[in-house]
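Trainee: When you get a sec, could you give me coordinates for this:
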Amino acid sequence: MASTSNRNGGDSFYGGAAHYRSREGLSTRPVASSDEIQLRIDPIHADLDDEITGLRSQVKLLRNVAQEIGSEAKFQKDFLDQLQLTMIKAQAGVKNNIRKLNKSIIKHGSNHIVHVVLFALFCFFVVYMWSKLSRR
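Mentor: Model prediction:
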């Protein structure tokens, strides 16, 4: 029978529809478009109401999975947006702190130069006074 051969690896030929068959009464046929699944009803084993109910329950399950995927994608997007905003704020903070640090270095660096000059003048004065006192 064609339906037993479909269960043994007929996925690619039938567009992956073989996994969604619920009974022997339905079998898939290859179609031109890979987005469509066509079913052929075997009148000997057919119980159309049960098959439709089974397909509806599978559609509901797939819809629930799609909703879960959608909500997870939204959560991930919101999380990434928040993370990006946090990174922008952190970069701005680092930039401001570097600017303050540079100003502080310039300010204290010039004070350092003043101290070095004053120390040199003091040393020069001490040497001058020592030379004046040692000549006597």
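Trainee: For residue 114, grab the count of nearby residues.
Mentor: Residue 114 has 9 neighbouring residues, counting by other Cβ atoms under 10 Å. From N, CA and C alone the C-beta is placed, and that goes for glycine too.
Trainee: in which helix or strand would I find it?
Mentor: Secondary structure assignment for residue 114, by DSSP states H and E: helix 48-135.
Trainee: name the helices or strands packed onto that helix?
Mentor: On a contact count with 3 or more Cβ pairs under 8 Å, 6 or more residues apart in numbering; DSSP states H and E, helix 48-135 meets strand 38-41.
Trainee: The same query, at a cut-off of 6 Å, please.
Mentor: Helices and strands touching helix 48-135, by 3 or more Cβ pairs under 6 Å, 6 or more residues apart in numbering; DSSP states H and E: there are none.
Trainee: average model confidence for it?
Mentor: When pLDDT is averaged along helix 48-135, the result is 90.
Trainee: Tell me how many other residues surround residue 58.
Mentor: Neighbour count for residue 58, taken as other Cβ under 10 Å: 13.
Trainee: how close does it sit to residue 51?
Mentor: Between residue 58 and residue 51 the distance is 11 Å, computed by Cβ to Cβ, to the nearest Å.
Trainee: again with residue 90
Mentor: Residue 90 is 58 Å from residue 51, by Cβ to Cβ.
Trainee: These two: which has the busier surroundings?
Mentor: Taking other Cβ under 10 Å, residue 90 and residue 51 do not tie; residue 51 has more neighbours (17 against 10).
Trainee: List the buried residues of stretch 89-101.
Mentor: For stretch 89-101, a neighbour-count test (16 or more other Cβ atoms under 10 Å) marks nothing as buried.
Trainee: For residue 54, the count of nearby residues, please.
Mentor: Around residue 54 there are 16 other residues, counting by other Cβ under 10 Å.
Trainee: repeat for the one 3 residues further on
Mentor: Around residue 57 sit 11 other residues, with neighbours defined as other Cβ under 10 Å.
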